[in-house]
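Student: Please find the sequence and the predicted model below.
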Amino acid sequence: MLYCISFCYNFTNLETERGITIIKMNTGQNLLEQLKKLLTKDERLVAKDGQILKNKAQELARGNDATLLKLLLSDKQIKNIFFFEVEGVLIFDKEKFIRFISNKEFLPDSYTAFKNKIGLTTGDEYLSESKEVVLVWPYKDCVLEGGMTKEDQKRDEVFYNETLAPDDIDRLLAPKVFTNFKRIDKKGEHLLDGFKRDEHGIIKNNLIIKGNNLLALASLKKQFARKVKLIYIDPPYAKKGDTFYNDNFSRSSWLTFMRNRLLIAKLLLSDNGVILVQIDINQLPYLQTLMGEVFDNNLQSLVSIKVKSPSGDSSKTEKYLEDISEYILVFAKKEKISNLKPITIKEIVDENSKTASQYHSLLISNGNIRNKAFEFFVGSGKSKTKIEVYNLDGFQLMNIPRSKWSKEYYILNYQKIGRTAKFSGEFLNQFKNKKGAFYFKYTPTRGKNAGLETEIYVYNGEGLIMLETFSQIIELDDGSKAVAKIEPATNLIADISWQGIANEGGVTLGKGKKPEELLKRIIEWSTNRGDLVMDYHLGTGTTCAVAHKMGRQYIGIEQLDYGENDSAIRLKNVIRGDQTGVSKAVDWKGGGDFVCMELAKWNENWAERIQEAKTEQELMKLWDEMKTKAFLSYKVDPKVIDANAKEFTDLSVEDQKKFLMECLDKNQLYVNYSEIDDTDYNVNEEDKKLNKEFYEDKSDI
């Protein structure tokens, strides 16, 4: 009989303590090779390059995997090391096995060996025991809380994970210094001369912020907490093959990446604010669970969006059903958001609208109820209902001449305009030949008004439908008003074309670009003119471009540089009167301005240069500069590294990059505002002034 048990030991020698064999790592090289050879017999534990996947082995051990246990038992020496007998029962010491294969001496590669030699190592204790926090800085920055160290990466990620203690994380998320302030309008770029604030002291500038979005969000908390009405984000989807993360642990790192940003986003949302996050089917259930935790299960809707048409050839579809949809999760900060009643605007009623051509009858008298004219019955048996019909006095409809079909006329006479329509079914014969106006109440048993008592007006044998029953007066984005034919917004969007959007805004994006019409609808649903909209995965700027055209204030954050397709380029086009996208629908003519600003980089400059380097010579030159100018990790001794330069040059270029990244102090990627006066950072006087104004720091302004 075999049992599994978990113990935790500090293995120091090859002795037996309480019947449990302890392994001495520095004398067990033959055992290391023997175990490695044994584990390679399980194909689940072997990577593409032939290396053993340590964490997979740990995972199987924790789960008491039968195949792994049989494999370990097949070797007598391995069996004696990792199993012991108690009263005839064989017990697997899984913790000993896990600690053994987790040790840095087990299967070290050249990179690990080099790190061990120069002392740049975090030891071999469990992350969950050390209570440290993992930081990943591969292509975009994210904070991970435990669980993913250096395992199962299939050797295809550029930079591995590192650890920082929790007190360092507090420093990491402190407010940062901004730099490169510019105000941009129709006349071009200008040095920023200050921030505009309203009577309550709230910044009213449109802001485009360049830099890590987690750190930027943390830097906005003081100024914009509870001020943002709508947050829309279209984050990376962490699809297989995406360079955003290593595919083998993308979901866990992606979810933690999302969580840390969502926690700050919640602080920024106003009490009646909403956040909408667009995602595909792969991450949807996980993201919904995460957002439910962060936003107290205040799910308002799950919107389905048709993003493409079927391919037409079902044989090319690998999935059971072809995937043509994406989804938007809608969460509110508070449980109820009664002030928001999203609608879909079908048409603005003016001289050119289809609605005006149908609704052109003006009611010139309210039609007072006089006396009962007659009665009739609908239904049969127990469901038979008596309908009492009354005459209306002074009731008259007058055709509106086409010359008066205008937005202004329909606003003025909004509640008096209607049209007649013939009854169908059981009502038809009751009024077929009757002249004059009549009124009755009826409770339908079917349709959208089933069970609701409805007032019905009849004129010359036809029903009267008033425009106000399915329209309302709205404020347009130019500040004017109009009557709009509307219907309640639904959680299905299938009428927005995703074709031909490549050049919207004068910028392009290979994939992931969203139609301006989609953002227009979201902004209409969730905000009023002047409200603050935020997108901290801005990309090429669709959200802010549409918000600008619709008269909303906005904040956009993006770390990546899109060159000629950058959001700032797009917004310059908007200011100059860009006529793509929703411009015609909102009557956009151009104008307005926005402010660009960046997080002040320090070690981030070095991180970017390391990523961009192509050769060993470039990296060696960078290292020479880093020794005197960069903030290095407290674990780094440059003299020791230089003394082992030969081993460094033996590493691959990717491993050299990885090592130099680990040498950087990740707390110093950007300049903290608390250190703005430190001469090491060379923050100029104008930037100091604007930062202190932004943070409302009255000292030395």
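Tutor: Perfect, I can see it now. The structure presented is a predicted model; accordingly, all values stated were derived computationally and were not measured.
Student: CA only for contacts and neighbour counts going forward, please
Tutor: Will do.
Student: For the residue nearest to Asn433 when sequence neighbours are not counted, which residues are in contact?
Tutor: For Asn433, ignoring the flanking residues on the chain, the nearest one in space by C-alpha to C-alpha, 6 or more residues apart in numbering is Gly461 at 6.2 Å. The contact partners of Gly461, by C-alpha atoms under 8 Å, 6 or more residues apart in numbering, come to Lys422, Phe431, Lys432, Asn433, Lys434, Lys435, Gly436.
Student: wait, doesn't the fifth one sit right on Asn460?
Tutor: Yes - using C-alpha atoms under 8 Å, Lys434 makes contact with Asn460 at a distance of 6.0 Å.
Student: domain parsing for the chain?
Tutor: Here the domain parsing of the chain from automatic domain parsing is 2-107, 178-305+507-599, 346-472.
Student: Show the average pLDDT along stretch 586-601.
Tutor: Confidence over stretch 586-601 (mean pLDDT, whole number) is 95.
Student: Repeat that for stretch 654-661.
Tutor: Confidence over stretch 654-661, taken as the mean pLDDT, stands at 90.
Student: Same check on stretch 473-488?
Tutor: Model confidence over stretch 473-488, given as mean pLDDT, is 80.
Student: strand partners of the helix or strand harbouring Ile486, parallel vs antiparallel please.
Tutor: In the assignment (DSSP states H and E), Ile486 maps to strand 481-488. For strand 481-488, the pairing partners within the sheet under DSSP bridges are strand 343-348 (antiparallel), strand 471-475 (antiparallel).
Student: So what's the gap between that strand and the chain middle?
Tutor: Strand 481-488 has its average C-alpha position 30 Å from the chain's average C-alpha position, going by C-alpha atoms, centre = their mean, to the nearest Å.
Student: do stretch 187-199 as well
Tutor: Averaging C-alpha coordinates over stretch 187-199 and over its chain gives two centres that are 29 Å apart (C-alpha atoms, centre = their mean).
Student: Return the set of buried residues in that stretch.
Tutor: Using 16 or more other C-alpha atoms under 10 Å as the test for burial, stretch 187-199 gives Glu189, Leu192.
Student: Start and end of it, how far apart?
Tutor: As for stretch 187-199, its first-to-last residue distance stands at 28 Å under the measure C-alpha to C-alpha, to the nearest Å.
Student: Now tell me what touches that stretch from outside.
Tutor: Phe181, Lys182, Arg183, Ile184, Ile203, Lys204, Asn205, Val595, Leu690, Glu693, Phe694.
Student: Just the mean pLDDT for that stretch, thanks.
Tutor: Mean pLDDT, computed over stretch 187-199, is 95.
Student: Could you list everything Glu189 pairs with in the sheet?
Tutor: Taking DSSP bridges, one finds Ile184 as the beta-bridge partners of Glu189.
Student: mind listing what's buried in whichever helix or strand Leu220 is part of?
Tutor: Taking DSSP H and E as the definition, one finds Leu220 inside helix 213-224. With burial defined by 16+ other C-alpha under 10 Å, the residues of helix 213-224 counted as buried are Asn213, Leu214, Leu215, Ala216, Leu217, Ala218, Ser219, Leu220, Lys221, Phe224.
Student: same deal with stretch 410-420?
Tutor: Applying a neighbour-count criterion of 16+ other C-alpha under 10 Å, the buried positions in stretch 410-420 are Tyr410, Ile411, Tyr414, Gln415, Lys416, Ile417, Gly418, Arg419, Thr420.
Student: Quick check: the first one is in a helix.
Tutor: Yes - per DSSP: H, G, I helix; E, B strand; the rest coil, Tyr410 lies within a helix segment.
Student: Quick check: it touching Lys481?
Tutor: No - under the contact definition of C-alpha under 8 Å, Tyr410 does not touch Lys481, with a separation of 10.5 Å.
Student: Mind giving me the ChimeraX command for buried ones among the contacts of stretch 187-199?
Tutor: What follows is the ChimeraX syntax selecting those of these that are buried according to 16+ other C-alpha under 10 Å:
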select :181,182,183,184,203,205,595,690,694
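Student: Report the two of the contacts of stretch 187-199 separated the most.
Tutor: Of all pairs drawn from those, the one with the largest separation by C-alpha to C-alpha is Ile184 and Glu693; the distance is 19.0 Å.
Student: on that earlier part again, could the strands paired with strand 481-488 be laid out in JSON lines, adding mean neighbour count and distance to Leu532?
Tutor: Putting the strands paired with strand 481-488 into JSON lines (neighbours: other C-alpha atoms under 10 Å; distance: least, C-alpha to C-alpha, whole Å) gives the following:
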{"stretch": "strand 343-348", "mean neighbour count": "17", "distance to Leu532": "19"}
{"stretch": "strand 471-475", "mean neighbour count": "17", "distance to Leu532": "17"}
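Student: Can you say which of those is nearest to Lys657?
Tutor: Between Lys657 and these, the shortest separation by C-alpha to C-alpha is 51.6 Å, and it involves strand 343-348.
Student: Now do that closest one, average pLDDT.
Tutor: The pLDDT scores in strand 343-348 average 80.
Student: how long is stretch 469-481 from one end to the other?
Tutor: Criterion C-alpha to C-alpha; first-to-last residue distance in stretch 469-481 is 18 Å.
Student: quick one: Leu39 and Lys54, what's the gap?
Tutor: Leu39 sits at a distance of 10 Å from Lys54 (criterion: C-alpha to C-alpha).
Student: Spit out the residues that contact those two alike.
Tutor: Among the neighbours of Leu39, those also in contact with Lys54 (C-alpha under 8 Å, 6+ apart) are Leu45.
Student: thinking again about what came up before, need the winner for burial among the domains of the chain.
Tutor: When you average the neighbours per residue for each of those (mean count of other C-alpha atoms under 10 Å), domain 178-305+507-599 leads with a mean of 19.
Student: helices or strands up against the strand or helix carrying Glu618?
Tutor: Here Glu618, judged by DSSP H and E, is contained in helix 616-629. Helix 616-629 is packed against helix 603-612, helix 653-663, with contacts defined by 3 or more C-alpha pairs under 8 Å, 6 or more residues apart in numbering; DSSP states H and E.
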